[in-house]
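Peer 1: This is a predicted model, with the sequence first.
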Amino acid sequence: MTGNAIFLYGTLRHLPLLDRVAGASVPVQAAELADHVIAHAVSGAGHQQEFPLFAPRAGAVARGLLIRPNAAARDRLHAYERIFGYDPVSITVSTANGPEPALIYVPRPGLWTAGDEWSLERWVAGPGHLSVDVATEVMELLKVARPEAIFARFGMLQNRAASRRRALAHPTPATLRRTVGDGDIVLKELRRPYTWYFGVEEADMQFRRFDGSHSDTVTRAGFIMCDAVVVLPYDPVRDVVMLVEQFRFGPYARGDANAWSLEPIAGRIDPNETPEQTAHRETWEEAKLKMSALLPVHRYFPSPGAVTEYVISYVGIADLPDSAQGVSGLEIEAEDIRAHVISYQRLRDLMDSGEIENAPLLITAQWLALNRDRLRADAGCA
């Protein structure tokens, strides 16, 4: 391969992302590649990706940036691109100073094909708004994880970045508990011993004790997840609810005799969604159900001692059918979900008997118990 210049035509043209991946600010120069177009990468299964590739197209011009990184930055850029199956190859691009040899990142043969034309502006306004946060995670993970493992977890990294932004944008009150100040938590070392679909983080840290002193250095580990919503559909006119049932690995791994769980509709909040949008999407995907209203219940950590998952619960007002037929769920996620439409009293019986063991369902159902009479009155069923 010739020369130290690299021609960037995709997401790395977003300068904050480029600087984060390279590890320092990198000077850029306009450049272009004739008879090529910048298009979405498409997987063999036909799924369009958010990142692009360049493809031949007579008369088109692929415009980008030419950079000349130092060796350290170049190694970081190469490592980042390998996550998506891209490798550097030699090419000649046009600049204001004439043709120049450069490297360009292209996908390995058979990995991606070209789809619709790709726009940097649309990407920055959409999925790219989290790119710098995600790249921070990615560059740390490259120290301990294989590129293919990071790609398999890339969606979760985006979800986690969105969860962190949501946490900063919506802080919860501190009227009884401690108000956190500078130096209350001192991070000594952070490790990532497991990174795949979910992740595990392990930290050596100190925290401020209630007497004002710092604790000894302690080691804590957490299971890294992201924000999620749960929805309990309720028909106040017929006084019935909808539950879903599916196999869950958690009870199986615990050794429970029955690993099928009764639950509310639930799902992770995608990076570009609001919790309400996720609630409507998941309700359609899991139960083919449309809701007329979403009623906020609570926001909470199901297990804050070791799990980062944060749940936003809703009761969804809907015109429920007499019964739920068949199964649903997304095949690409191997979901096999059965819905049940049952009376409110049957819901209470299942809670009392212990057949319902799902904490978000128990919390949401208790809220329904407190507000059921009001909801039925509002629906003209007093």
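Peer 2: Arrived safely, thanks for sending. Numbering: from 1, shown residues only.
Peer 1: Contacts only, for Ala318.
Peer 2: Counting by Cβ atoms under 8 Å, 6 or more residues apart in numbering, Ala318 touches 233-235, 242, 289-292. For the C-beta atoms, the positions are set from N, CA and C on the backbone; glycine is no exception.
Peer 1: out of these, who has the most neighbours?
Peer 2: Tyr234 (27 neighbours; other Cβ atoms under 10 Å).
Peer 1: For it, what is the enclosing helix or strand?
Peer 2: Here Tyr234, judged by DSSP states H and E, is contained in strand 227-235.
Peer 1: can you pull the alpha-carbon coordinates of that strand into PDB?
Peer 2: This file holds the C-alpha atoms of strand 227-235, laid out as PDB (Å, rounded to 0.1, in the frame of the first residue of the first chain):
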ATOM      1  CA  ASP A 227     -33.000   1.300  29.300                       C
ATOM      2  CA  ALA A 228     -36.200  -0.600  28.600                       C
ATOM      3  CA  VAL A 229     -40.000  -0.100  28.600                       C
ATOM      4  CA  VAL A 230     -42.700  -2.400  29.800                       C
ATOM      5  CA  VAL A 231     -46.400  -2.100  28.900                       C
ATOM      6  CA  LEU A 232     -49.400  -3.800  30.500                       C
ATOM      7  CA  PRO A 233     -52.300  -3.400  28.100                       C
ATOM      8  CA  TYR A 234     -55.600  -2.800  29.900                       C
ATOM      9  CA  ASP A 235     -59.200  -2.600  28.600                       C
END
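Peer 1: so what strands line up beside that strand?
Peer 2: Strand 227-235 has its sheet partners listed here by DSSP bridges as strand 240-247 (antiparallel), strand 265-268 (antiparallel), strand 310-317 (parallel).
Peer 1: Any idea which helix or strand in the chain has the lowest mean pLDDT?
Peer 2: Least confident helix or strand of the chain, by mean pLDDT, DSSP states H and E, is strand 327-328 with a mean of 48.
Peer 1: going on from that one, what's the next piece of helix or strand?
Peer 2: Taking DSSP H and E, what comes next after strand 327-328 is strand 337-343.
Peer 1: for that next one, which positions count as buried?
Peer 2: Neighbour counts over strand 337-343 (16 or more other Cβ atoms under 10 Å) mark 337-342 as buried.
Peer 1: what does stretch 292-305 give?
Peer 2: In stretch 292-305, counting by 16+ other Cβ under 10 Å, buried: 294-295, 297.
Peer 1: Out of those, which is nearest to Leu176?
Peer 2: Of all the buried residues of stretch 292-305, Leu176 sits closest to Val297, with 21.2 Å by Cβ to Cβ.
Peer 1: how close does that closest one get to Tyr9?
Peer 2: 46 Å (Cβ to Cβ, to the nearest Å).
Peer 1: Beta-bridge partners for Glu100, please?
Peer 2: Here Glu100 sits in beta bridges with Val93, as judged by DSSP bridges.
Peer 1: For Pro107, give me phi and psi.
Peer 2: Per-residue torsions, Pro107: phi -70, psi 150 (degrees, to the nearest 10).
Peer 1: end to end, how far does stretch 164-177 reach?
Peer 2: Length of stretch 164-177, first residue to last, Cα to Cα, to the nearest Å: 21 Å.
Peer 1: Pull the residues that contact it.
Peer 2: Residues outside stretch 164-177 that contact it (Cβ under 8 Å, 6+ apart) are 130, 133, 180, 227, 269, 299, 310.
Peer 1: Buried ones in stretch 57-66, by neighbour count?
Peer 2: 60, 62, 64-66.
Peer 1: Alright, that wraps it up for me.
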